[in-house]
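Engineer: Next come a sequence and a model predicted from it.
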Amino acid sequence: MAEAPSFDIVRAAVLGDVPHGFFGSSGGAHQFGYGGPGDAVEVRKLRDAAASAIVEGAGLVAPHQVHSPDVVTVAESWEDSPTSRPRADALVTDRCGIVLGIVTADCAPVLFADATAGVVGAAHAGWRGAHGGVLENTIAAMEALGAKRANIAAAIGPTIAQTSYEVDAAFRENFTAADEIHFAPAPEREGQARWYFDLPGYISGRLAAAGIGRVENTDRDTFASGATYHSYRRAIQAGEPDYGRQISMIGLA
């Protein structure tokens with residue numbers, strides 16, 4: 001019988017005793033995304049083992065992520081395969097024995113819990129999804145299951161930090177004047193203005209505006225932590241043909 005893998009897991013105090021974890025790459029050995037390098041069968045085995053590390057014997061439920069604001073309410077498990085998952089970027093559930101999973105590689109995984117109501121959620125929040133409302137939609141879907149906004153806690157997992165996230169004027173034009181606080185000047189490139197964008201700060205601001213009073217940022221920079229986390233931007237800059245993904249999970253025992 002094969003030995004169970006050992007995982008590097010970060011947990012957030014704000015989520016308390018709710019089963020959850022932000023998984024690292026274990027030095028690059030762990031790649032959790034079907035869209036990344038590696039055999040899909042081995043990826044599934046790793047994902048299953050990770051889910052059992054969160055809730056023993058639980059089934060993993062994860063979407064086919066497309067940078068959308070769309071949320072799926074999970075009433076029962078579905079097959080975790082490369083082709084059979086619904087296209088969405090957030091999941092919520094009130095069912096025990098299910099672990100919700102989100103894969104990322106610079107975008108932010110955000111885990112939600114109302115421990116009193118027994119409702120959890122997981123969202124894939126890159127700038128596009130966060131800007132489009134995936135966070136607010138996740139909160140609303142949790143409320144539809146009985147969660148109370150005032151009781152929801154949220155944790156922002158490993159994501160690209162502001163000092164690593166350089167953007168151009170075209171990117172900045174997607175945002176309003178109220179979002180200027182999330183941009184800091186960066187050195188010009190070829191005479192063109194550049195900025196550093198604070199994705200976790202932007203997410204925190206949107207969560208606060210949505211009425212979420214307890215938010216924790218795990219403060220891990222995926223781009224700068226090559227031994228610990230996969231990074232899309234780091235892989236592109238290195239000229240690598242593909243990139244891995246880490247996974248973040250939350251469930252109800």
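Structural biologist: Noted; the coordinates are in hand. Numbers count the residues shown, from 1 in each chain.
Engineer: Touching, R172 and W195? I think so.
Structural biologist: Yes - R172 sits in contact with W195 when judged by C-beta atoms under 8 Å, with a separation of 6.0 Å. C-beta here means a position set from N, CA and C on the backbone, and glycine is covered the same way.
Engineer: can you give me the helices for this protein?
Structural biologist: Using DSSP state H, the helices of the chain run over 40-54, 127-132, 134-144, 169-172, 199-209, 232-237.
Engineer: Adding distance to I102, write the ones you listed out as CSV.
Structural biologist: Converted to CSV, the helices of the chain look like this (distance: least, C-beta to C-beta, whole Å):
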stretch, distance to I102
helix 40-54, 12
helix 127-132, 11
helix 134-144, 11
helix 169-172, 23
helix 199-209, 13
helix 232-237, 15
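Engineer: got the ones you listed as CSV, with mean neighbour count and mean pLDDT columns?
Structural biologist: Formatted as CSV, the helices of the chain follow (neighbours: other C-beta atoms under 10 Å; pLDDT from 0 to 100):
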stretch, mean neighbour count, mean pLDDT
helix 40-54, 18, 96
helix 127-132, 20, 98
helix 134-144, 22, 99
helix 169-172, 12, 98
helix 199-209, 20, 99
helix 232-237, 16, 97
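Engineer: Look up how far G191 lies from V99.
Structural biologist: For V99, the distance to G191 equals 49 Å [C-beta to C-beta, to the nearest Å].
Engineer: ok, these two, which is more surrounded?
Structural biologist: The neighbour count for V99 versus G191, taken as other C-beta atoms under 10 Å, is higher for V99 (30 against 5).
Engineer: isn't that one right up against E56?
Structural biologist: No - counting by C-beta under 8 Å, V99 does not reach E56; the two are 10.2 Å apart.
Engineer: Can you give the distance of stretch 231-245 from its chain's centre?
Structural biologist: 18 Å (C-alpha atoms, centre = their mean, to the nearest Å).
Engineer: Dump that stretch to PDB, restricted to CA.
Structural biologist: This file holds the C-alpha atoms of stretch 231-245, laid out as PDB (Å, rounded to 0.1, in the frame of the first residue of the first chain):
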ATOM      1  CA  SER A 231       3.100  30.900  -9.500                       C
ATOM      2  CA  TYR A 232       1.700  31.600 -13.000                       C
ATOM      3  CA  ARG A 233       3.600  34.800 -13.300                       C
ATOM      4  CA  ARG A 234       6.900  33.300 -12.200                       C
ATOM      5  CA  ALA A 235       6.600  30.500 -14.600                       C
ATOM      6  CA  ILE A 236       5.800  32.900 -17.500                       C
ATOM      7  CA  GLN A 237       8.800  35.100 -16.700                       C
ATOM      8  CA  ALA A 238      11.100  32.000 -16.500                       C
ATOM      9  CA  GLY A 239       9.900  30.900 -20.000                       C
ATOM     10  CA  GLU A 240       8.500  27.600 -18.600                       C
ATOM     11  CA  PRO A 241       5.900  25.800 -20.900                       C
ATOM     12  CA  ASP A 242       3.400  25.200 -18.100                       C
ATOM     13  CA  TYR A 243       2.800  25.900 -14.400                       C
ATOM     14  CA  GLY A 244       1.500  24.100 -11.400                       C
ATOM     15  CA  ARG A 245      -1.400  24.900  -9.100                       C
END
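Engineer: Can you tell me how far the residue of the chain most remote from its centre is from A169?
Structural biologist: Distance from the C-alpha centroid of the chain, by C-alpha atoms, centre = their mean, peaks at G191 (34.4 Å). When distance is defined by C-beta to C-beta, G191 is 12 Å away from A169.
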